[in-house]
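Peer 1: could you look at this predicted model? Sequence included:
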Amino acid sequence: MASRTRRHGAARGARDGARRPRVPLRLLLPLLVLVALVAMLMLRGYVHSEILADHRVQPPAPTDQVPKEILEGGPVIDTRGGRTDSLSVPDHRLVLTFDDGPDPTWTPRVLDVLKKHDAHAVFFVTGTMASRYPDLVERMVDEGHEVGLHTFNHPDLSYQSEKRIDWELSQNQLAITGAAGVRTSLFRPPYSSFADAMDNKSWPVTEYMGARGYITVVNNTDSEDWKKPGVDEIIRRATPQGGKGAIVLMHDSGGDRGQTVQALDRFLPDLKAKGYRFDNLTEALNAPSAMSPVTGVELWKGKAWVFLVQASEKLTDGLVVGLAVIGTLVIGRFALMLLLSGAHARRVRRKDFRWGPPVTEPVTVLVPAYNEAKCIENTVRSLMASDHPIEVVVIDDGSSDGTARIVEAMGLPNVRVIRQLNAGKPAALNRGLANARYDIVVMMDGDTVFEPSTVRELVQPFGDPKVGAVAGNAKVGNKDSLIGAWQHIEYVMGFNLDRRMYDVLGCMPTIPGAVGAFRRSALEPFGGMSDDTLAEDTDVTMALHRAGWRVVYAENARAWTEAPESVQQLWSQRYRWSYGTMQAIWKHRRAVIEKGPSGRFGRVGLPFVSLFMVLAPLLAPLIDVFLLYGLVFGPTEKTIVAWLGVLAIQAVCAAYAFVLDRERLTPLISLPLQQIVYRQVMYVVLLQSWITALTGGRLRWQKLRRTGGVSAPPGDPGIPAQRSHAVNGRPVG
């Protein structure tokens, strides 16, 4: 019995394990990218003293707890093993010390001058700078100079706990090890001065340094070069009196050190002529070297640290470039949209504007339908109200919910139903094209309703014999929900304003599946609708451009479509759109090198589509990444102002688009929230599409669940659906 119980328990555990939810790859990869990006930005902020930095400086304190021999002694303080020794540099020996580096501009110049005059020095480097410029630390060691610790983030250690002090030292040491393969026993406290400035706050730190095996080095001659008093004054202050030895404080970082370099170039030969030697500290004291080589695990830890810091620096530099690119693209796109969409509206709204002779002949309307039982009756009835002569061909693509039966039961004139096994939307449209009676063919989705004037407005551009396709004005019909309102903003601003711009540029990339019209004779040379991509509308539009046809936008040909009502459905739809667009761009890539109309589209249209529809959305998250980074780590005010500036530009464009489309401005109240929430979904969708494309993945057609929420155009009560076609809202089987 016990054995059987164990077997049942094991089987149940296996079943539970089998049911354990797994994170989908489409979520896992973007999440990993985001985590890596955040980690690199945090590392960058840490090595730039933007994270965990402490800039407080302790005011002077009493000195009664500091041993007299320290206050009256030399600048080298040794408290190792409980000692309280202080040492001075012998006469005619000068130890030049440089703080706060290495600096990529000034440290190399300082090293050049030292090498020129055969002089050695001690560089007290911070971990932040050593991590960012390891090659300079390596050069210091290779050229015979000594390096010392100056902490990692340059805090006043008298404010810090022993744990924080250990962290500052270990990270500083790690950076030096990674850069030059050595460790050092020399230490200089930030904000230190002469030995007689040691007080009751700094002395315990000095004692603790000795307990950790470090020698504290202050100075007894301050050049005060950080004040930039002039070359002559720096030399005067750095020169000891009476031939005495000294530890001279200078800086190779922290600002413009041009005066320091000039002073050094005169100071070294002048004092050498007076019998001075310029040694590093242990040479001057005739002591063993303060630096020792590091091997094994510790060396590789240091190298790994430097590698990660360098990677974060390069990544951040790349992100900054990307931010500049996306800023230029966003502002450029908005400027083009405002300028060109306005020009388009003025042109087509002139009283004397005509596409050509009025188009009055009948047209065929193709309605591909797959499981559209909830929507198809509304779609067909809206077409029956058209004020232009039409025939309607509904192509049932293997629906299992009675879509075809509903249309047939309506018994409407000029409406035909063609049934086929499920083969996909392109195949359904091609079946419809083969059965269309007329040369001008209107295509729409099975969840869309037309206004009575839509077909008439849509086909008028065909009065121009050069026009091969026309894009209509697709609008969101179910915009009462928040996600619907956000898509409404996107359709009006992001799609229709774009179409006006692309119309003027002559490179419109997409005829929307919800409302578009084609010349059948224009489609026949390349076989109609292709199933090579998931965006057959974009694919065929690009093919028409390459064949020399004009593709234009008809703003008054309005269609009301049912937008996705859940994040999952929106994700599926946009994933297909973005991936299909990438496929279409890749398919038509040879247009870039071709001649004639194809070459014009390839060198104008494809770059615009690639920049504005693929690259710009991919880089757009950088705006939000740097917004969050700036809010947390500063500069907060400038960050907020910059982000609000971008939002203001978007708001102006959105308001302009709404005015052009004669839409109420009320939905724009949710624009800021759309930018914060809705955009993030679009970012991840596009990133997922990129991952799918780069990994060679294949994406299946993803059918959205319909609710039948768009029954008639706004302001039109529509024709009541007949209850015989559905029972309690359920489709006929």
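Peer 2: Cool, got the structure. Computed from a prediction, not measured in an experiment: that's the story for all the values here.
Peer 1: next one: the residue sitting nearest the centre point of the chain from Gly230, what distance?
Peer 2: Relative to the mean C-alpha position of the chain, the nearest C-alpha, by CA atoms, centre = their mean, is the one of Leu622, at 3.0 Å. Distance of Leu622 to Gly230, computed by CB to CB, to the nearest Å: 44 Å. From N, CA and C alone the C-beta is placed, and that goes for glycine too.
Peer 1: shouldn't Ala471 be within a strand?
Peer 2: Yes - under DSSP: H, G, I helix; E, B strand; the rest coil, Ala471 falls within a strand.
Peer 1: sec struct for the nearest residue in space to Gly255 that is not next to it in sequence, please.
Peer 2: Once flanking residues are discounted, Gly255 sits nearest to Trp226: 7.2 Å by CB to CB, 6 or more residues apart in numbering. Counting by three-state DSSP, the backbone at Trp226 sits in helix.
Peer 1: contact partners for Trp226?
Peer 2: 251, 254-255 (CB atoms under 8 Å, 6 or more residues apart in numbering).
Peer 1: got a pLDDT number for it?
Peer 2: For Trp226, the pLDDT comes out at 94.
Peer 1: is it true that Arg83 touches Gly210?
Peer 2: Yes - using CB atoms under 8 Å, Arg83 is in contact with Gly210, at 7.0 Å.
Peer 1: re the thing from before, secondary structure element for the residue nearest to the centre of the chain?
Peer 2: helix 621-633 (DSSP states H and E).
Peer 1: CA atoms only: put that helix into CSV for me.
Peer 2: Provided in CSV are the C-alpha atoms of helix 621-633 (Å, rounded to 0.1, in the frame of the first residue of the first chain):
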residue,chain,number,x,y,z
PRO,A,621,11.8,52.8,-25.6
LEU,A,622,15.1,54.7,-25.0
ILE,A,623,13.0,57.8,-24.3
ASP,A,624,11.3,56.0,-21.4
VAL,A,625,14.5,54.3,-20.2
PHE,A,626,16.3,57.6,-19.9
LEU,A,627,13.2,59.1,-18.4
LEU,A,628,13.1,56.6,-15.6
TYR,A,629,16.9,56.8,-15.2
GLY,A,630,16.8,60.6,-15.0
LEU,A,631,13.9,60.6,-12.5
VAL,A,632,15.7,58.2,-10.1
PHE,A,633,19.3,59.4,-10.5
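Peer 1: buried ones in it?
Peer 2: 621-623, 625-627, 629-630, 633 (16 or more other CB atoms under 10 Å).
Peer 1: quick one: which of Arg83 and Gly210 has more around it?
Peer 2: The neighbour comparison of Arg83 against Gly210 (other CB atoms under 10 Å) goes to Gly210, with 20 against 10.
Peer 1: how much space between that one and Leu174?
Peer 2: To Leu174, Gly210 is 21 Å away according to CB to CB.
Peer 1: what's the answer for Val641, then?
Peer 2: Val641 sits 38 Å away from Leu174, going by CB to CB.
Peer 1: coming back round to it: and the residue nearest to the centre of the chain, what does it touch?
Peer 2: Going by CB under 8 Å, 6+ apart, Leu622 touches 319, 322-323, 326.
Peer 1: so the closest residue to Arg188 other than its chain neighbours: helix, strand or coil?
Peer 2: The shortest distance from Arg188 to any non-neighbouring residue, by CB to CB, 6+ apart, is to Phe124 (4.3 Å). With three-state DSSP as the basis, Phe124 sits in strand.
Peer 1: number of residues surrounding Phe124?
Peer 2: 27.
Peer 1: spit out the contact partners of it.
Peer 2: Contact analysis of Phe124 by CB under 8 Å, 6+ apart lists 97-100, 147-150, 186, 188, 217.
Peer 1: which residues does it bridge with?
Peer 2: Asp99, Gly148 (DSSP bridges).
Peer 1: read off the pLDDT value for it.
Peer 2: Per-residue pLDDT puts Phe124 at 98.
Peer 1: for this structure, longest helix please?
Peer 2: helix 296-348 (DSSP state H).
Peer 1: what packs against it?
Peer 2: For helix 296-348, the elements it packs on are helix 25-47, helix 127-132, helix 162-180, helix 497-505, strand 550-561, helix 616-619, helix 621-633, helix 636-660, judged by 3 or more CB pairs under 8 Å, 6 or more residues apart in numbering; DSSP states H and E.
Peer 1: which helix or strand lies directly C-terminal to that helix?
Peer 2: Using DSSP H and E, the helix or strand that follows helix 296-348 in sequence is strand 363-369.
Peer 1: which strands border that next one, and is each parallel or antiparallel?
Peer 2: With DSSP bridges as the test, strand 363-369 is paired with strand 390-397 (parallel), strand 440-443 (parallel).
Peer 1: what about these, which gets the closest to Pro426?
Peer 2: Judged by CB to CB, the one of the strands paired with strand 363-369 that comes nearest to Pro426 is strand 390-397, at 10.1 Å.
Peer 1: tell me how far that closest one lies from the chain's centre.
Peer 2: 44 Å (CA atoms, centre = their mean, to the nearest Å).
Peer 1: contacts for it next, please.
Peer 2: Residues outside strand 390-397 that contact it (CB under 8 Å, 6+ apart) are 362-370, 376, 380, 383-384, 403-404, 407, 412, 414-420, 422-425, 427-429, 431-432, 435-438, 442, 446, 455.
Peer 1: what of stretch 254-264?
Peer 2: With contact meaning CB under 8 Å, 6+ apart, stretch 254-264 is reached by 96, 99-100, 103, 105-106, 109-110, 113-114, 223, 225-226, 228-231, 234-235, 238, 250-252.
Peer 1: let's see which of these end up in strands.
Peer 2: With strands taken from DSSP state E, the overlap with these comprises 96, 99, 250-251.
Peer 1: which of those residues are buried, as a PyMOL select command?
Peer 2: Restricted to buried positions by 16+ other CB under 10 Å, the PyMOL selection for these reads:
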select buried, resi 96+99+250+251
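Peer 1: can you put the ones in strands among the contacts of stretch 254-264 in TSV and add pLDDT and distance to Gly484?
Peer 2: Converted to TSV, the ones in strands among the contacts of stretch 254-264 look like this (pLDDT from 0 to 100; distance: CB to CB, whole Å):
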residue	pLDDT	distance to Gly484
Leu96	97	71
Asp99	96	61
Met250	97	66
His251	96	61
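Peer 1: and of the ones in strands among the contacts of stretch 254-264, the nearest to Ser131?
Peer 2: Nearest to Ser131 among those is Asp99, at 16.7 Å by CB to CB.
Peer 1: you'd agree the closest one is up against Asp225?
Peer 2: No - Asp99 lies out of contact with Asp225 (CB under 8 Å); the separation is 10.1 Å.
Peer 1: so where's the protein shaky on pLDDT?
Peer 2: Residue ranges of the chain with pLDDT under 70: 1-27, 30, 634, 688, 690-733.
Peer 1: please point out which parts of stretch 272-288 sit buried.
Peer 2: Applying 16+ other CB under 10 Å to stretch 272-288 flags 276-285 as buried.
Peer 1: let's see which of these end up in helices.
Peer 2: In this view, the buried residues of stretch 272-288 that belong to helices under DSSP H are 281-284.
Peer 1: which of those residues lies closest to Phe658?
Peer 2: Closest approach to Phe658 among those (CB to CB): Leu281, at 71.6 Å.
Peer 1: and that closest one, how far is that from Val294?
Peer 2: For Leu281, the distance to Val294 (CB to CB) stands at 20 Å.
Peer 1: also Ile406?
Peer 2: In terms of CB to CB, Ile406 sits 79 Å off from Val294.
Peer 1: please apply the same query to Leu687.
Peer 2: Computed as CB to CB, the Leu687 to Val294 distance reads 41 Å.
Peer 1: cool, Trp300 as well?
Peer 2: Distance of Trp300 to Val294, computed by CB to CB: 10 Å.
Peer 1: the more surrounded of these two?
Peer 2: Shown here are Trp300 and Val294; by other CB under 10 Å, Val294 has more neighbours (21 against 13).
Peer 1: ignoring the adjacent residues along the chain, who's closest to that one?
Peer 2: Nearest residue to Val294, sequence neighbours excluded (CB to CB, 6+ apart): Thr177, at 4.8 Å.
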